[in-house]
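Enquirer: Sequence below, structure please.
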Amino acid sequence: MSRSVKHSKPKTRTHKLEGRKITAHSYESDLFQDLYHLCLTTPWQRFFASAALGFIALNILFALLYMLEPSGIANLAPQNFLGYFFFSVETLATVGYGDMHPQSLYSHGIATVEVFVGMASVAVLTGLIFARFSKPKSRILFSNNLVISNFNGQPTLMLRAANARLNLIANATARMHVLIQEVSLEGQKMRRIYDLELARSDQPMFLLTWSIMHTITPDSPLYGLSAQDMAAKELIFLVRIVGFDESIAQEVQVRESYSHEEILWGHQFDDVMYPDPIDGGIHIDYQHFHRTHHQPQASDKASGD
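Expert: Residues are numbered from 1 along each chain as shown. Model (predicted):
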């Protein structure tokens, strides 16, 4: 006895990861397993739109169930589908104005089920909204570009970060990595991740701005690479900052990525901080946060030559 084999249609899914479009083919998808993650990551507009559509769909379903017994609802107004729909809304929301009410065993049974579903729905929706609001978020800005220029006589990879809230993030740490496409002796392509040692990887009080720098020494994976070399190896830089936000008493983290195309060779960042000549306070001009200027006689190669 032969058994027929059911072939499922291959599925694809597209994501944006580190500025690149990644498409996965023939993956196994289960919406209900990822429903909680989807509810937390979807945009607010889509989240509330989905909740509203679900609310309307539930009330339409229960309205149709009430219609199976036309005389089950007393004082139904209007005497059509809208009347059943509005009664369902009142029951699902546990409002109960009192004008319309169930008057048969069947209608009471449906109303009991609907009240339970309504209470559970409110609890789930409240939990999801709280989970979305309670996620710690920072306002750490990163510069639009990386720069490579000489600093203290050595070629240095630099980027700029700032705490735009001007609150205190204690014990902030930064990590920087580079993804390099390499080819093994057997001709197999692979991406390898290298840690980039930073001139300073921690800030006891991250309040204003932070210049994150990696000195390109002979021990650096970037040593001797030109812009053409980085393009051939398809370099991607990953930066992550983690710290304790004292305003919300929670740990916050943020990350950013850059491609080799976003490196400005021979550039330095413009100054964004200057003292107040009157009271000695500090001013930060975010209009210049992403601006750079060319450094004279800068090398176009990541080496000390």
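Enquirer: where do the helices sit along the stretch 51-200 of the chain?
Expert: 81-92, 105-134 (DSSP state H, counting those that start in this stretch).
Enquirer: from the ones you listed, which stretch is densest packed?
Expert: Each of those was scored by mean neighbour count; the highest is helix 81-92, a mean of 20, by mean count of other Cβ atoms under 10 Å. In this view, the C-beta of every residue, glycine as well, is placed from N, C-alpha and C.
Enquirer: Which other helices and strands does that one contact?
Expert: Helix 81-92 sits against helix 44-67, strand 73-74, helix 105-134, with contacts defined as 3 or more Cβ pairs under 8 Å, 6 or more residues apart in numbering; DSSP states H and E.
Enquirer: rerun at 6 Å
Expert: In terms of contacts (3 or more Cβ pairs under 6 Å, 6 or more residues apart in numbering; DSSP states H and E), helix 81-92 is packed against helix 44-67, helix 105-134.
Enquirer: wait, which of the helices of the stretch 51-200 of the chain is closest to Met205?
Expert: For Met205, the closest of those is helix 105-134, at 24.9 Å, according to Cβ to Cβ.
Enquirer: sorry, back to before: Throw the helices of the stretch 51-200 of the chain into a markdown table and include mean pLDDT and distance to Gln253, thanks.
Expert: Converted to a markdown table, these look like this (pLDDT from 0 to 100; distance: least, Cβ to Cβ, whole Å):
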| stretch | mean pLDDT | distance to Gln253 |
| --- | --- | --- |
| helix 81-92 | 94 | 39 |
| helix 105-134 | 93 | 15 |
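Enquirer: Show the end-to-end separation of stretch 185-196, please.
Expert: With Cα to Cα, to the nearest Å applied, stretch 185-196 spans 25 Å between its terminal residues.
Enquirer: Put together CSV for the helices of the stretch 51-200 of the chain, with distance to Met67 on each row.
Expert: Formatted as CSV, the helices of the stretch 51-200 of the chain follow (distance: least, Cβ to Cβ, whole Å):
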stretch, distance to Met67
helix 81-92, 5
helix 105-134, 10
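Enquirer: how about those, which one is nearest Leu68?
Expert: It's helix 105-134; of these, that one is closest to Leu68 (Cβ to Cβ) at 7.6 Å.
Enquirer: for the stretch 201-305 of the chain, what spans make up the helices?
Expert: With DSSP H, counting those that start in this stretch as the criterion, the stretch 201-305 of the chain has helices at 227-232.
Enquirer: Now do the same contact list for the spatially most central residue of the chain.
Expert: Nearest to the geometric centre of the chain sits Thr41, at 7.0 Å (Cα atoms, centre = their mean). Thr41 sits next to no residue when contact means Cβ atoms under 6 Å, 6 or more residues apart in numbering.
Enquirer: Quick check: the gap between it and Asp279.
Expert: Here the criterion is Cβ to Cβ, to the nearest Å. By it, Thr41 lies 45 Å from Asp279.
Enquirer: And for Thr42?
Expert: When Thr42 is compared with Asp279 (using Cβ to Cβ), they lie 46 Å apart.
Enquirer: And Leu40, by the same measure?
Expert: In terms of Cβ to Cβ, Leu40 sits 45 Å off from Asp279.
Enquirer: Who has more neighbours out of the two?
Expert: Leu40 (12 against 6; other Cβ atoms under 10 Å).
Enquirer: so where is the stretch 101-250 of the chain shaky, pLDDT-wise?
Expert: By pLDDT under 70, the stretch 101-250 of the chain has no low-scoring segment.
Enquirer: try 90
Expert: Scanning the stretch 101-250 of the chain for pLDDT under 90 picks out the ranges 131-139, 152-153, 164-168, 182-191, 207-209, 246-250.
Enquirer: can you map out the strands along it?
Expert: 101-102, 140-142, 146-151, 154-163, 169-183, 189-195, 202-206, 209-215, 225-226, 236-245, 250-259 (DSSP state E, counting those that start in this stretch).
Enquirer: strand partners of the second one, parallel vs antiparallel please.
Expert: As defined by DSSP bridges, the strand partners of strand 140-142 come to strand 154-163 (antiparallel).
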